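Trainee: I would like the atomic coordinates for the input below:
(chains A, B, C, D, E and F)
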Protein chains: 6
Amino acid sequence: MSTGKTALVISAHAADFVWRCGGAIALHASLGYKVTVLCLSFGERGESAKLWKQPGMTLDRVKDARRAEAERAAEALGVHDLVCLDLGDYPLELTRADKDRVTGVIRQVQPAFMLSHSQYDPYNTDHMYATQVALECRMIAQAWGHNPGEKVLGAPQLYLFEPHQTEQMGWKPDTFLDITPVWDKKRAAIECMEGQEHLWEYYTRVAINRANHFKRNSGGQASGRDCKYAEGFQSIFPRTVDEL
Amino acid sequence: MSTGKTALVISAHAADFVWRCGGAIALHASLGYKVTVLCLSFGERGESAKLWKQPGMTLDRVKDARRAEAERAAEALGVHDLVCLDLGDYPLELTRADKDRVTGVIRQVQPAFMLSHSQYDPYNTDHMYATQVALECRMIAQAWGHNPGEKVLGAPQLYLFEPHQTEQMGWKPDTFLDITPVWDKKRAAIECMEGQEHLWEYYTRVAINRANHFKRNSGGQASGRDCKYAEGFQSIFPRTVDEL
Amino acid sequence: MSTGKTALVISAHAADFVWRCGGAIALHASLGYKVTVLCLSFGERGESAKLWKQPGMTLDRVKDARRAEAERAAEALGVHDLVCLDLGDYPLELTRADKDRVTGVIRQVQPAFMLSHSQYDPYNTDHMYATQVALECRMIAQAWGHNPGEKVLGAPQLYLFEPHQTEQMGWKPDTFLDITPVWDKKRAAIECMEGQEHLWEYYTRVAINRANHFKRNSGGQASGRDCKYAEGFQSIFPRTVDEL
Amino acid sequence: MSTGKTALVISAHAADFVWRCGGAIALHASLGYKVTVLCLSFGERGESAKLWKQPGMTLDRVKDARRAEAERAAEALGVHDLVCLDLGDYPLELTRADKDRVTGVIRQVQPAFMLSHSQYDPYNTDHMYATQVALECRMIAQAWGHNPGEKVLGAPQLYLFEPHQTEQMGWKPDTFLDITPVWDKKRAAIECMEGQEHLWEYYTRVAINRANHFKRNSGGQASGRDCKYAEGFQSIFPRTVDEL
Amino acid sequence: MSTGKTALVISAHAADFVWRCGGAIALHASLGYKVTVLCLSFGERGESAKLWKQPGMTLDRVKDARRAEAERAAEALGVHDLVCLDLGDYPLELTRADKDRVTGVIRQVQPAFMLSHSQYDPYNTDHMYATQVALECRMIAQAWGHNPGEKVLGAPQLYLFEPHQTEQMGWKPDTFLDITPVWDKKRAAIECMEGQEHLWEYYTRVAINRANHFKRNSGGQASGRDCKYAEGFQSIFPRTVDEL
Amino acid sequence: MSTGKTALVISAHAADFVWRCGGAIALHASLGYKVTVLCLSFGERGESAKLWKQPGMTLDRVKDARRAEAERAAEALGVHDLVCLDLGDYPLELTRADKDRVTGVIRQVQPAFMLSHSQYDPYNTDHMYATQVALECRMIAQAWGHNPGEKVLGAPQLYLFEPHQTEQMGWKPDTFLDITPVWDKKRAAIECMEGQEHLWEYYTRVAINRANHFKRNSGGQASGRDCKYAEGFQSIFPRTVDEL
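Mentor: Numbering: from 1, shown residues only, chains lettered A, B, ... in the order given. Next up, the predicted model:
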């Protein structure tokens, strides 16, 4: 089933898209969206502690391992296209040419919506930098004078997915998505992250508690619809609607 | 046409519902919603300057005039029920019994969504007080032990409609509603407000400029859908969705 | 073991102190603090849905049941004194005399620190009102001219304990407390809340995930101390220290 | 010298106007303004510790002492009219009738600008309550239907004067006033506050350091005008100008 | 007429100065200020959609057209000096040498005040980058060790002019300027922007509604001075005054 | 006396560490900490006005003078290691290699806590840039894949020391440190800053007034511990504790 609709995730490190929006990816894939995941780096230096504790580890071997994990997770989620730019992490830094590649992906995908990190993260400056890049490249993709002749971008929403330690990041979800129908896929993708096994149960607990929030906001004790697993998102831009 | 759906506007003064969400009222009425408007006061002391400048004016005559205007405006918009509590303005103050009446209306209406003022307004403390009352009574209406046996309230969204001088109120719209199909009705309702003729064109300009914002956020220069008149709203609670 | 130290919890409804700071209570009791819990109401109207769904329920029976639960929970946690003011809920409203009673308790306890709700809560206006009362009565307790001759209050910290849906409340924890040594007591107290069984596992998950945050901030992957259960708190006032 | 211009200070307790805007009062008095100071209470219970430590002290004696101090300070500053409403402190609470009295004073004075406390103060809820009252009564004073026939109020700026521990109050000054020409008067008024001698030097240091800020913002090391004593203020409302 | 006073506008793209502060420019020119406008780019790639939709368009032709428009608009407004740095847009990026050029212009102009964009703009990262550059170069221009011997800068105010969709940018005006006397000039400059005709009426409506805000804040219904067109500005730095 | 504990100050310009945290440095040195101070620049261009006003001054002579002052101040405070990276100021800009050097220092020191500037400073963009660098390099130092084999960093607190004009920087202290025992050392270090003599008394007044805040928060009029000089700090990360 394909609807012709598309979505784009911009992930600073290879594993971010799994914990933070794996449910949204799998759900929209099941709805017929083609979902592209753009990993700016593999998180090879900063988010692969378990691998680095092994003797004789090298940067390339870490990258290979992380890429393999990301590919398996992407497959589990039904990702249409996994693009790994391998731009380096801790710190993540993009040149003008790198940004042009990101912009190119955005234009190619023409996403109905985009997903990226919170706008503030004192623990991980790569995360907030990735969102800054997402906003900058979204703007460039809208410019008629950037690579004239290419199809320019409309105005897709940018959703910020859930960071670790949400309150420290000033992240406030305004949208809860029911991911119950695809939870098995998200859990399968999570289990592909062998190097971060301590987070498997952590993010399962997050999903269950977010389902509680879903129910509170869909009706509460009076009429709240059931929901077993959910994800939360913060919107950057206003919505445009024909009914409140 | 009736869908069985309902909505509730809580307006500090009689005219507020016209300028700030007249389009939303008329649009949802046209979609089959039964929309109830609850005016806590007539704005008789603080928002009726033109009347008070007439010789020999009395409080009752001002109230009558304002009520008549509100009724005509409500009719123009297709309001299902206009409830005027006549609680006094400048300042607006509710007793526990008054709050019980408001709670009673909320329970009776069982709104799919509610509309009220911004949470901060240094120019007009009645406005922020009305929103505080809306939140408090929404909470009471959800309590199983308040008038046991009555149907308890679910978890309707509370939208904050557009205040005057938005930036001073810290109001940030996250939802733009296309009111083009019902603009004529909103304009007709606006023209019922004889005492505030200086605002007729003001709020027409607001609606046209909000339509520009609607287009920017629905696609911009690439694919923005046309829209001639719009209204903006800020949500207090998160949404719960099955698709982003 | 008694250190002569004391602490005071101001809880809007009878169960709040269990979910939100039961660990802090049990831990400080085990450290020799005498912890007083002040319940402003029983949550009889707004937080007792399960009871109200039983046929023939009355307000008094609900209060009795909630009081009994609170007493059992307080015993499980090692609370020194449980004070139930029975001031009513949904909405909670205090007269000047009620505030004098709260002030009296504060002066009697002379707490080393106080605990109460978040400062903002659009879902539950009782919660933010309780914190407003806590600050007001803390101030009165410091006044030399309030009941002259009584011992005036120093400057205890006011910690805000964790609300439900933290991000919606603008609550940001700045202090994580390791409650692993007393987890069994908190869980036992939680299980006293028979009417809210759906929250038992919810707040167990919260405690486990807060332990993850504890470890992140105590050293992370390099040297984070182990911790299995934790609670988070936001401070209202600055700390005064002799070493950073 | 009189310009016909007027200003109004709304002070929660009798001494607040001295520490926080004594310079502004004296300066504008010297410029020909008639400055009215409205003390809602004497600070008799909460800000008179030194008096209460004397044996046999009574509430009336404290009030008398604080009133006398306020009167001497007002005289030193050149206050046109000192109005003491004696409404009680810790907590300060105004009835509807009390608010009508405040509104009456505002209308009588017809101030070019008003001065009051910061909008947030967790140490002292009387302070933020006074500002809330100032905004509410300013609004009522603008209402044509409040005591029809009286002269209605225009739109005076409300300046928030400097609180103690500014950063904890979220107070941000946007206006620095050079009070060098009247510093002697402010110091004389400060020394009228016999019960709070520990604050004399404190607020002298504040005035000198604010002068440093004045110079930084009037030109800095390149061309900053000299200034020896200054006060800072935060504006609630926008300014209207004919030149930037 | 020349007063010797100067002002400086730092505009990310060629047209920004027209919509956002054309009135301030024309008004101060009429008051005898020499106003310099510094356009960092022409907006050639991102703000020239209409031109790019013409067949055979090239970057140079777009720049020429935009420059010509900017020159005509500058002339209409009475700009003293229009400096176009042609640094590229979408994204705008300045090297150290570029920043030195901006600093040089600031020092040469020695502005009494500066004008630039809002500090946050998720739609247009060039805008917030321009303000960041304005602050950085203002700081460098104040450094005695930067090009020693040149006249160092004092401490000019930086006003942030009105962005599109103000609430989304967190922009809050604290100053309204009456531009009625020069409205014809601003409208003439606006009409120079042939490629953005859809914005002519939009910004005319903005100016009329800002005049309403001017009147509200200069006296309201009681004594508000008339004003037909206005512009709003947010100040970054505090003011220093001799009278409130 | 050495405890094996360490601390690290990251200072944008050579003198910042003296005014802003000289007391914290001297106090912790006296407690046995080895305190390293990392000066990213000498403040040679932007914070040495007095030197530049001397005839024939050169950049190298300014640097030498500022370095000498910093060394004397460091000695007065008991700094263990003063590292001057000489990266240039106004503006301060770090390459990837420069950041690696900073990261290297962090790893070498393995600080129990770090100190740097406020996160916002419109007057001085070097200051906020230094904090951004501190957070970025702290993150890199925690990465197991950055220079594998080196000891990775734990999770030290980052305290933001007091900026000039605190309210303009959005800086809010949450921790007051009593520096009375080492005040003489801080004053001696301050007097090493010959080029900024106008600030000696300014920061002495700050220290005395911060002591007043210390006392207010440690007990106030009832039981506040005495304190004559203090410094304030804002924490970026939550604390982890075993007792509230």
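
Trainee: low pLDDT regions in chain A?
Mentor: A:1-2, A:221-222 (pLDDT under 70).

Trainee: Quick one: neighbours of the residue of chain A at minimum distance from chain F, just the number.
Mentor: Nearest to chain F, among the residues of chain A, is A:Arg45, at 3.2 Å (C-beta to the nearest C-beta). (Glycine included, C-beta is placed from N, CA and C.) Neighbour count of A:Arg45, defined by other C-beta atoms under 10 Å in any protein chain shown: 24.

Trainee: Which part of chain A gets nearest to chain D, residue-wise?
Mentor: A:Gly170 (16.0 Å).

Trainee: Return the residues in contact with the closest residue to that residue other than its chain neighbours.
Mentor: Closest residue in space to A:Gly170, ignoring its immediate chain neighbours: A:Tyr120 at 4.9 Å, by C-beta to C-beta, 6 or more residues apart in numbering or on different chains. Contact analysis of A:Tyr120 by C-beta atoms under 8 Å, 6 or more residues apart in numbering or on different chains lists A:128, A:169-171.

Trainee: which of these lies closest to C:Val83?
Mentor: Nearest to C:Val83 among these, counting by C-beta to C-beta, is A:Gly170 at 36.6 Å.

Trainee: what's near enough to touch the residue of chain A closest to chain D?
Mentor: Listed by C-beta under 8 Å, 6+ apart, the contact partners of A:Gly170 are A:118-120, C:172.

Trainee: Check whether A:Tyr129 really touches A:Tyr90, as I assumed.
Mentor: No: judged on C-beta atoms under 8 Å, A:Tyr129 makes no contact with A:Tyr90 at a distance of 11.0 Å.

Trainee: related to what we said a few turns ago, return the two entries of the contacts of A:Gly170 that lie farthest from one another.
Mentor: A:Gln119 and C:Lys172, at 15.2 Å, using C-beta to C-beta across these.

Trainee: How many neighbouring residues does A:Gly32 have?
Mentor: Residues near A:Gly32, counting by other C-beta under 10 Å, number 11.

Trainee: Before we go further, it is sitting in a helix, right?
Mentor: No: applying DSSP: H, G, I helix; E, B strand; the rest coil, one finds A:Gly32 to be coil, outside a helix.

Trainee: if we can go back for a sec, for the residue nearest to A:Gly170, what are phi and psi?
Mentor: With angles defined as degrees, to the nearest 10, A:Tyr120 sits at phi -140, psi 140.

Trainee: same question, A:Asn209
Mentor: According to degrees, to the nearest 10, A:Asn209 has phi -70, psi -30.

Trainee: Leaving out chain neighbours, which residue sits closest to it?
Mentor: C:Arg205 (5.6 Å).

Trainee: got it, and A:Met128?
Mentor: Closest to A:Met128 by C-beta to C-beta, 6+ apart is A:Asp121, at 4.9 Å.

Trainee: mind listing what the one you found touches?
Mentor: A:Asp121 is in contact with A:127-128, A:163, A:168-169, counting by C-beta under 8 Å, 6+ apart.

Trainee: I'd like the distance from it to A:Leu92, if you could.
Mentor: 12 Å (C-beta to C-beta, to the nearest Å).

Trainee: A:Ala68 too?
Mentor: Remark: distance between A:Ala68 and A:Leu92 (C-beta to C-beta) = 21 Å.

Trainee: More neighbours: these two, which one.
Mentor: Between A:Ala68 and A:Leu92, A:Leu92 has the larger neighbour count (other C-beta under 10 Å), namely 23 against 13.

Trainee: which residues in chain A form helices?
Mentor: Under the criterion DSSP state H, chain A contains helices at A:16-30, A:49-52, A:59-77, A:96-109, A:125-141, A:183-190, A:200-218, A:220-223.

Trainee: Between helix A:183-190 and the third one, find me the angle.
Mentor: Helix A:59-77 and helix A:183-190 meet at an angle of 170 degrees, taking axes from the mean of the first three to the mean of the last three C-alpha atoms, to 10 degrees as the criterion.

Trainee: And helix A:59-77, what does it pack against?
Mentor: helix A:16-30, strand A:34-39, helix A:49-52, strand A:81-84, helix A:183-190 (3 or more C-beta pairs under 8 Å, 6 or more residues apart in numbering or on different chains; DSSP states H and E).

Trainee: Could you say which of those is packed most deeply?
Mentor: Most buried of these, by mean neighbour count (mean count of other C-beta atoms under 10 Å in any protein chain shown): helix A:16-30, with a mean of 27.

Trainee: picking that back up, buried ones among the contacts of A:Gly170?
Mentor: Neighbour counting with 16 or more other C-beta atoms under 10 Å in any protein chain shown marks A:118-119, C:172 as buried within the contacts of A:Gly170.

Trainee: Those into CSV, with extra columns for distance to B:Val9?
Mentor: Shown next, in CSV, are these (distance: C-beta to C-beta, whole Å):
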residue, distance to B:Val9
A:Ser118, 34
A:Gln119, 33
C:Lys172, 33
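
Trainee: Tell me the one of those nearest chain B?
Mentor: A:Gln119 (14.7 Å).

Trainee: distance of the nearest residue to the closest one once chain neighbours are set aside from A:Val9?
Mentor: Nearest residue to A:Gln119, sequence neighbours excluded (C-beta to C-beta, 6+ apart): A:Thr131, at 5.5 Å. For A:Thr131, the distance to A:Val9 equals 12 Å [C-beta to C-beta].

Trainee: hey, what's in contact with both of the two?
Mentor: Common neighbours of A:Thr131 and A:Val9 are listed as A:Ser116 (criterion: C-beta under 8 Å, 6+ apart).

Trainee: out of those two, which sits in the busier spot?
Mentor: A:Val9 (29 against 21).

Trainee: The more buried one touches A:His117, doesn't it?
Mentor: No: contact criterion C-beta under 8 Å: A:Val9 and A:His117 do not qualify, at 10.3 Å.

Trainee: Roughly how far does A:Gly195 sit from chain E?
Mentor: 33 Å (C-beta to the nearest C-beta, to the nearest Å).

Trainee: near chain E, which residues of chain A show up?
Mentor: A:96, A:99, A:132, A:135-136, A:139-140, A:142-146, A:148, A:158, A:236-238 (C-beta under 8 Å from any C-beta of the partner chain).

Trainee: What's the PyMOL line that selects buried ones from those?
Mentor: Here is the PyMOL command that picks out the buried ones among the residues of chain A next to chain E, judged by 16+ other C-beta under 10 Å:
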select buried, chain A and resi 99+132+135+136+139+140+142+143+144+145+146+158+236+237+238
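
Trainee: Could you tell me which residues make contact with the closest residue to chain E within chain A?
Mentor: Across chain A, no residue is closer to chain E than A:Gly145, which sits at 3.2 Å (C-beta to the nearest C-beta). Each residue near A:Gly145 by C-beta under 8 Å, 6+ apart is listed here: E:44-46, E:48, E:52, E:59, E:62, E:90.

Trainee: In ChimeraX, how would I select just the buried ones from the residues you listed?
Mentor: In ChimeraX, this line selects whichever of the contacts of A:Gly145 come out buried by 16+ other C-beta under 10 Å:
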select /E:44,45,46,48,52,62,90
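
Trainee: could you redo the contacts of A:Gly145 as TSV and give each row distance to B:Val35?
Mentor: Putting those into TSV (distance: C-beta to C-beta, whole Å) gives the following:
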residue	distance to B:Val35
E:Glu44	49
E:Arg45	46
E:Gly46	42
E:Ser48	44
E:Trp52	45
E:Leu59	53
E:Val62	49
E:Tyr90	44
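
Trainee: Tell me the one among the contacts of A:Gly145 nearest to B:Val83.
Mentor: E:Gly46 (50.3 Å).

Trainee: Return the residues of chain A in contact with chain F.
Mentor: Contact residues (C-beta under 8 Å from any C-beta) of chain A with chain F: A:44-46, A:48-49, A:52-53, A:57, A:59, A:62, A:89-91, A:93, A:122-126, A:168.

Trainee: Is A:Glu231 bridged to anything, and to what?
Mentor: Note on A:Glu231: beta-bridge partners by DSSP bridges are A:Leu177.
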